[in-house]
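Participant: no sequence on hand, only this structure:
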C-alpha cells in the first residue's frame, strides 16, 4: 500500500515566495483537496528558459472573474497562502492570479490567446457568463480566432487548432 504524496499546485515554481504554494494531498490517484485530476495533469510542468508561466489578470471583482474563467474555460481556482485567488489553466502549465486596482487591457496591446476546442462554442459560453465578443470568428481567416472582453474589461483572444487534413 502506497502512502500519500504531496505536489505543489503551481506551474511556475520560481514565481512565488516561500509560503505561497498550496500543497495538495494525493492518495491513490484522487485529490483530497480540490477537484479530481487525471494523472497527466499531475505530471510536473515544463520548466524551460523563456516559457510563459504566469499571468496577472486585472479584475474588478475577483469572485466574478474566477467564476467566469472556471465556467468558460475550466480553469482551476485555488487560494494561495496570502489569501489571493490564483488559477491554473487546464494543462497545469500556466498559472496566475487576479489582481485588483490595475486597469484592464481594454484595447489590444499585449494580447494573449486561449486555445479552445471550438471557438464558436467558447463564444457562446463567454456571452452566457457575462463576457462579450469584440472580434467575431473570421477576422483572422484562415486562422480560427475570435476576441472577447471578459467581465473586468480585458480583451483576450481565442484560438482553435485547425482540423488535420486527411492524407
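Facilitator: Thanks, I have the structure now. As the structure is a computational prediction, the values presented were derived from the model and not from experiment. Numbering: from 1, shown residues only.

Participant: low-confidence ranges in this protein?
Facilitator: Residue ranges of the chain with pLDDT under 70: 1-44, 164-167.

Participant: spatially central residue for it, please.
Facilitator: Geometric centre of the chain, nearest residue: residue 89, 3.2 Å, by C-alpha atoms, centre = their mean.

Participant: after whichever helix in the chain runs longest, next one along is what?
Facilitator: Determined from DSSP state H, the single longest helix within the chain is helix 62-73. Sequence order places strand 76-79 as the next helix or strand after helix 62-73, per DSSP states H and E.

Participant: and that next one, what's buried?
Facilitator: Neighbour-count burial for strand 76-79, counted by 16 or more other C-beta atoms under 10 Å, picks out 76, 77, 78. Bear in mind the C-beta positions are built from the backbone N, C-alpha and C, glycine included.

Participant: residue 79 touches residue 98, doesn't it?
Facilitator: No: Residue 79 lies out of contact with residue 98 (C-beta atoms under 8 Å); the separation is 11.7 Å.

Participant: and for these two, which residues touch both?
Facilitator: residue 85 (C-beta atoms under 8 Å, 6 or more residues apart in numbering).

Participant: contact partners for the residue nearest to the centre of the chain?
Facilitator: Applying C-beta under 8 Å, 6+ apart, the residues near residue 89 are 11, 73, 75, 95, 114.

Participant: how near is it to residue 109?
Facilitator: Separation of residue 89 from residue 109 (C-beta to C-beta, to the nearest Å): 21 Å.

Participant: just the element for residue 52, please.
Facilitator: Using DSSP H and E, no helix or strand contains residue 52.

Participant: go on, residue 123?
Facilitator: Going by DSSP H and E, residue 123 is part of helix 119-128.

Participant: what packs against the helix or strand just after that helix?
Facilitator: Later in the chain than helix 119-128, the nearest helix or strand by DSSP H and E is strand 132-135. Strand 132-135 sits against helix 119-128, strand 144-149, with contacts defined as 3 or more C-beta pairs under 8 Å, 6 or more residues apart in numbering; DSSP states H and E.

Participant: pick the most buried one from these.
Facilitator: strand 144-149 (a mean of 20; mean count of other C-beta atoms under 10 Å).

Participant: starting at the chain centroid, how far to that one?
Facilitator: 16 Å (C-alpha atoms, centre = their mean, to the nearest Å).

Participant: just want the angle from the next helix or strand after that strand to helix 119-128.
Facilitator: Tracing the chain C-terminally past strand 144-149 and defining elements by DSSP H and E, one meets strand 155-160 next. Between the axes of strand 155-160 and helix 119-128, defined by axes from the mean of the first three to the mean of the last three C-alpha atoms, to 10 degrees, the angle is 150 degrees.
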